[in-house]
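Trainee: Predicted structure and sequence below. I'll ask about it afterward.
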Amino acid sequence: MDNPIRKMYAPLMVKTGGKEIPVEMENTMAVQEFSLEGFPMVQDLGKVLFLVHLLAYLASMAGNVIIVTIICASARLQTPMYFLLSTFSFLECCFISAVIPKLLVIFLLGKQKISFAACFVQAFFFVYVGATGFFLTAVMSLDRYVAICRPLHYPTIMSLRTCSLLVIACFAVGITLIMGLMVKVAQLSFCGPSVIPHFYCDLGSLIHLSCSDTRSTETLAFGLALLILFISLLITIVAYSNIIVTIMRLPSAQEWRKAFSTCSSHLTVLSLMYGSCIFIYVKPKQRSRLDSNREAALVNTVVTPLLNPVIYTLRNKQFHKALRETMCRIKIST
């Protein structure tokens, strides 16, 4: 005989695939897509924002693609410094392409839905490319250190082969660190709500939506963000500290200016990158700062990649010569 009290407190069962499962499990399985909140305060300006971000995206892509093309095409730029710069520009193209196209769709069409698989892939590429970019900037700092502090040994230490191995190491370390975190995120249960308070699938926001116990995942995400930023920032600080000491020992002001000019563009880019990312990621509790994160993330994903080509090429005479030579060859061939 059935116990009426047991019936009252028994979990409500539903049929799924011919089997009866608790409603809680049904809800966990039900979240198949998320909704990106975007920028609800300026939703009425969707078409204007679409045009602004489209132009910024195209300009950023064009600038970085030009850098990669000119460096690959010019014999005078086949040096370790420009090889690293071309790799960094390639990463910038991947970085913005992981986020901006979906943001443009939100602005133009208002389609905020994104499937779980697409959201997970976007989050993975965003974090992976970002982490690899930080390691690459650390390698670029080491390159400047060897060029200024060990100029006689530079051709031996920073050969193209060595730079290639260092770039491969950046990609390998990045994916090694990120894969464990992404596996833990993929194992989380999502039973609602399904609105991500961001304009892309931010990993922190995604973790907060889970109905699982996310304490270990949040700790791992915070620890990895801190580790990646700390390692790359430490290498950069040590490299540039030695650079500054070496420059201060130079006898003439002209040598000072020449040495600083080779580092100024890299330092400017580093300031933009580390400033925005430390503000976004290096804090244990992000739930109360998601609104401010959106503005900082917009700087990181739109403004910085747009400025990078300008910063790296504006005062670079070698790049200007290579650009003119490439344009001349194109005109002659046509």
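Mentor: Cool, got the structure.

Trainee: Just give me how far the strand or helix carrying T326 sits from the chain centre.
Mentor: According to DSSP states H and E, T326 maps onto helix 317-333. The chain centroid and the centroid of helix 317-333 are separated by 31 Å under CA atoms, centre = their mean, to the nearest Å.

Trainee: One more: stretch 177-196?
Mentor: Worked out by CA atoms, centre = their mean, stretch 177-196 lies 18 Å from the chain centre.

Trainee: Any idea how far apart the tips of that stretch sit?
Mentor: Using CA to CA, to the nearest Å, the end-to-end distance of stretch 177-196 comes to 24 Å.

Trainee: picking that back up, what mean pLDDT does the helix holding T326 get?
Mentor: For helix 317-333, mean pLDDT rounds to 80.

Trainee: for the stretch 1-150 of the chain, what are the low-confidence residue spans?
Mentor: Across the stretch 1-150 of the chain, the stretches falling below the confidence threshold (pLDDT under 70) are 1-31.

Trainee: Go ahead and confirm L307 touches L272.
Mentor: Yes - at 6.9 Å, L307 and L272 qualify as touching, with contact defined as CB atoms under 8 Å. (Each C-beta comes from the backbone N, C-alpha and C, glycine too.)

Trainee: in the stretch 151-300 of the chain, which spans are strands?
Mentor: 195-196 (DSSP state E, counting those that start in this stretch).

Trainee: Okay, now the unreliable bits of it?
Mentor: Using pLDDT under 70, the stretch 151-300 of the chain drops low at 253, 255, 259, 262, 280-292.

Trainee: change it to 50
Mentor: For the stretch 151-300 of the chain, applying pLDDT under 50 flags the ranges 286-289.

Trainee: Can you show me the helices along it?
Mentor: In the stretch 151-300 of the chain, the helices defined using DSSP state H, counting those that start in this stretch lie at 154-157, 160-186, 203-208, 215-248, 253-281, 290-298.

Trainee: Identify whichever of those helices lies nearest to I66.
Mentor: Of all the helices of the stretch 151-300 of the chain, helix 253-281 sits nearest to I66, with 15.7 Å by CB to CB.

Trainee: gap between the closest one and the chain center?
Mentor: 18 Å.

Trainee: the inter-axis angle of it versus helix 215-248?
Mentor: On the basis of axes from the mean of the first three to the mean of the last three CA atoms, to 10 degrees, helix 253-281 is oriented at 170 degrees to helix 215-248.

Trainee: Please identify the deepest-packed of the helices of the stretch 151-300 of the chain.
Mentor: helix 203-208 (a mean of 21; mean count of other CB atoms under 10 Å).

Trainee: what sits up against that helix?
Mentor: Contact with helix 203-208 is made by 34, 119, 123, 126-127, 181, 185, 188, 196-198, 214, 217-218, 221, 281, 286-287, 290, 293, as judged by CB atoms under 8 Å, 6 or more residues apart in numbering.
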